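K.L.:
can't give you the sequence, but here's the structure:
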């Protein structure tokens, strides 16, 4: 079910929404995306990343991928479980081999 709220561009730009919403023609769209991908930076903490994952899942995002470039590893989170894929990331109609994520290093 899609919900929307009309706000001005100025209010949108001066505000912070968790998790992110799309702003289209003066309306904040609150339909969850199919997939969120987080790429860890050196300044990310485990607590802040887990909080973002929890927010995405609570918002209704069915798949959250977390990628750590430094260790060349990642995790797939769903409402039911989280797991570290050994060969690649997948969701219905999407498959990305881990090797391809870091192919251009």
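P.N.:
Great, that's in hand. Please read all numbers here as calculations on a predicted model, not as lab measurements.

K.L.:
buried residues in whichever helix in the chain runs longest?
P.N.:
Counting by DSSP state H, the longest helix found in the chain is helix 46-59. Buried positions in helix 46-59, judged by neighbour count with 16 or more other CB atoms under 10 Å: 49, 52, 53, 56, 57, 59. C-beta: built from backbone N, CA, C; applies to glycine.

K.L.:
and residue 85, that one's in a strand?
P.N.:
No. Counting by DSSP: H, G, I helix; E, B strand; the rest coil, residue 85 falls outside a strand, being coil.

K.L.:
torsion angles phi and psi at it?
P.N.:
When read as degrees, to the nearest 10, the backbone of residue 85 gives phi -70, psi 140.

K.L.:
my guess is it contacts residue 74. True?
P.N.:
Yes. Checked against CB atoms under 8 Å, the pair residue 85 and residue 74 is within contact range at 6.7 Å.

K.L.:
between these two, which one's more packed in?
P.N.:
Taking other CB atoms under 10 Å, residue 85 and residue 74 do not tie; residue 74 has more neighbours (21 against 15).

K.L.:
kindly list the main-chain dihedrals of the closest residue to that one other than its chain neighbours?
P.N.:
Of all residues not flanking residue 74 in the chain, residue 67 sits nearest, at 4.3 Å (CB to CB, 6 or more residues apart in numbering). Main-chain dihedrals, residue 67, degrees, to the nearest 10: phi -120, psi 130.

K.L.:
contacting residues around residue 67?
P.N.:
Residues near residue 67 by CB atoms under 8 Å, 6 or more residues apart in numbering: 37, 38, 39, 40, 73, 74, 101.

K.L.:
just to revisit the earlier point, contact partners of the longest helix of the chain?
P.N.:
By CB under 8 Å, 6+ apart, the residues outside helix 46-59 that reach it are 18, 19, 32, 36, 38, 40, 64, 66, 77, 78, 79, 82.
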